[in-house]
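Have a look at this prediction, sequence included:
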Amino acid sequence: MEQSATLDIETLKITQEQFMLASQSVHLQRPGCDAVYPVGLYGWRKRCLYFFLLLLLVTMIVNLALTVWIIKVMHFSVDGMGNLQLKQDGIRLEGISEFLLPLYVNEIQSRRDSLLVLGSKTNVTLNARNSQGQLTGQLTLGPDAVEAQCQRLEIRSKDGSRLLFTANEEEVIMTTEKFTVTGSEGAVFGHSVETPLIQARASEDLKLESPTRTLTMEAPRGVEVNAPKGPLKILLDANTIQLGSLPLGIYTVSPSQASKEQAVYEVCVCPSGKIYLSPAETSSTCQAMSNICLWS
């Protein structure tokens with residue numbers, strides 16, 4: 001038993017010595033076999049990283065300074081930007097505002113104590129469109145003319161209750177009490193004119209003239225010419241004067257007694273200004289008591 005124990009102890013010692021020798025041999029060979037790599041950025045990589053960080057910091061500072069400058073110059077606030085204020089009922093602009101692109105709005109109003117001025121170097125155009133985007137009305141204020149394109153043009157009174165002027169493709173209607181033409185040449189009409197009254201001013205003469213054509217005055221119940229505050233002078237200066245459908249005045253008791261073979265007549269004028277024909281004889285047959293004058 002003692003010999004076996006001694007052998008085991010010696011065997012254990014030999015094994016321990018072998019393990020120590022083996023471990024020493026491994027420990028001595030490791031430095032020669034493994035390479036050492038440094039951890040981190042060194043050299044030009046480190047300098048580039050610092051340069052990019054510095055450039056990013058400078059860029060952030062410049063952007064922040066520009067943002068503060070824009071806010072200060074444009075007067076940004078909680079209510080809006082400078083002259084532009086955001087309200088619950090819309091947008092309010094103070095001072096002069098310039099729009100470089102089309103402006104789409106429902107309503108434009110000025111302040112109560114100022115005017116609304118729309119200005120442009122070329123022209124100002126106002127367009128009205130329907131729900132499909134089609135153009136229904138257009139008003140253009142240009143340097144040469146003011147053009148309105150619409151189905152019906154209306155001009156109303158100050159309160160909007162009275163219609164003063166209206167125009168469409170068929171007719172133009174003026175409902176004012178008086179239409180005054182103050183030009184030295186008067187008014188020129190290329191076609192017919194329908195009106196119940198043509199009147200000159202109190203201190204001016206009334207002149208109806210057709211320089212190159214005929215002048216025709218027609219009315220269902222006759223044409224009346226009078227001068228209540230002055231003399232009435234009618235000058236008929238033409239190569240041929242035709243007075244058609246003049247009534248025949250007689251001074252006999254019955255119209256059947258008038259001569260039916262009469263070929264020559266004379267033109268008579270009643271005190272009221274009415275013109276009629278009367279049979280011509282050796283002396284004038286015009287009488288103030290004619291039936292035409294009495295019935296007028």
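Arrived safely, thanks for sending.

Got phi/psi on the residue positioned nearest the centre of the chain?
In the chain, the C-alpha nearest the mean C-alpha coordinate belongs to residue 126, at 2.1 Å (C-alpha atoms, centre = their mean). Dihedral angles of residue 126 (phi, psi; degrees, to the nearest 10) stand at phi -110, psi 120.

Need the pLDDT of the nearest residue to it once chain neighbours are set aside.
Nearest-residue entry for residue 126: residue 139, 4.4 Å, with adjacent residues in sequence omitted and distances by C-beta to C-beta, 6 or more residues apart in numbering. In short, each C-beta sits where N, CA and C put it, glycine included. For residue 139, the pLDDT comes out at 89.

least trustworthy helix or strand in the protein by mean pLDDT?
Within the chain, no helix or strand scores below helix 2-33, which has a mean of 54 by mean pLDDT, DSSP states H and E.

Tell me the helix or strand right after that one.
The element immediately downstream of helix 2-33 (helix or strand, assigned by DSSP states H and E) is helix 44-74.

Show the low-confidence segments of the protein, by residue range.
For the chain, applying pLDDT under 70 flags the ranges 1-41, 250-262, 288, 296.

Walk me through the domains of it.
Using automatic domain parsing, the domain parsing of the chain gives 1-35, 38-97, 118-179, 245-296.

so which of those comes closest to residue 207?
Closest to residue 207 of those is domain 118-179 (C-beta to C-beta; 16.7 Å).

which element is the residue nearest to residue 126 on?
Applying DSSP H and E, one finds residue 139 within strand 135-141.

Provide the partner residues of the residue nearest to residue 126 in its beta bridges.
residue 126, residue 148 (DSSP bridges).

picking up where we left off before, can I assume the residue nearest to the centre of the chain is in contact with residue 136?
No. Counting by C-beta atoms under 8 Å, residue 126 stays clear of residue 136, with 11.8 Å between them.

what's the overlap in contacts for the two?
When contacts are counted by C-beta atoms under 8 Å, 6 or more residues apart in numbering, the set common to residue 126 and residue 136 is empty.

hmm, back to that, I'd like the domains of the chain as JSON lines, with distance to residue 212 appended.
Shown next, in JSON lines, are the domains of the chain (distance: least, C-beta to C-beta, whole Å):
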{"stretch": "domain 1-35", "distance to residue 212": "119"}
{"stretch": "domain 38-97", "distance to residue 212": "53"}
{"stretch": "domain 118-179", "distance to residue 212": "25"}
{"stretch": "domain 245-296", "distance to residue 212": "25"}
